[in-house]
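1. Sequence and predicted structure below; questions after.
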Amino acid sequence: MSILLDVARGAAVVNVALLLVLVYVWSENYRRHGASHTLGLLVFAVFLVFQNGLWILLYGFDSGFIDWFLRSDLDRQVAITGLCGFQTIALLFLVRITWR
């Protein structure tokens, strides 16, 4: 198994956890204040939860995707893993800002 596949899997799992924190905070804020901006953030986070859930399914359970990933050249593996990693960094920043 490729270390990059494991890193991508881990990033997708961390992303879902971070997004669930954001969904919790933003849903509480929306319930209290009813601001449309907060509703927009909440909807955006829910869509990202589904996107990362799909990545988890592909990285963890779809043998066709896993085989394709492992047969791909290193540049493609790094790019796909990097996308998940960059999203994790962005979500960490967003959680930190939101939690304050």
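-> Thanks, I have the structure now.

2. Run the chain-centre distance for the helix or strand hosting Gly85.
-> Gly85 is part of helix 74-99 when elements are defined by DSSP states H and E. Remark: helix 74-99 is offset 8 Å from the chain centroid, using Cα atoms, centre = their mean, to the nearest Å.

3. Give me the average confidence score over that helix.
-> Throughout helix 74-99, pLDDT has a mean value of 96.

4. Use 57 as the first number from now on
-> Right, with 57 as the first residue, what we last looked at is helix 130-155.

5. so what does that helix touch, helix or strand wise?
-> Helix 130-155 is packed against helix 59-89, helix 92-117, with contacts defined by 3 or more Cβ pairs under 8 Å, 6 or more residues apart in numbering; DSSP states H and E. C-beta here means a position set from N, CA and C on the backbone, and glycine is covered the same way.

6. ok, 10 Å please
-> With contacts taken as 3 or more Cβ pairs under 10 Å, 6 or more residues apart in numbering; DSSP states H and E, helix 130-155 sits against helix 59-89, helix 92-117, helix 119-127.

7. Tell me which residue is most central in this protein.
-> Per Cα atoms, centre = their mean, the C-alpha nearest to the average position across the chain is that of Asn71, at 3.4 Å.

8. From what I see, that residue and Ile112 are in contact.
-> Yes - contact criterion Cβ atoms under 10 Å: Asn71 and Ile112 qualify, at 9.0 Å.

9. for this structure, which spans come out with low pLDDT?
-> Applying pLDDT under 70 to the chain flags residues 57.
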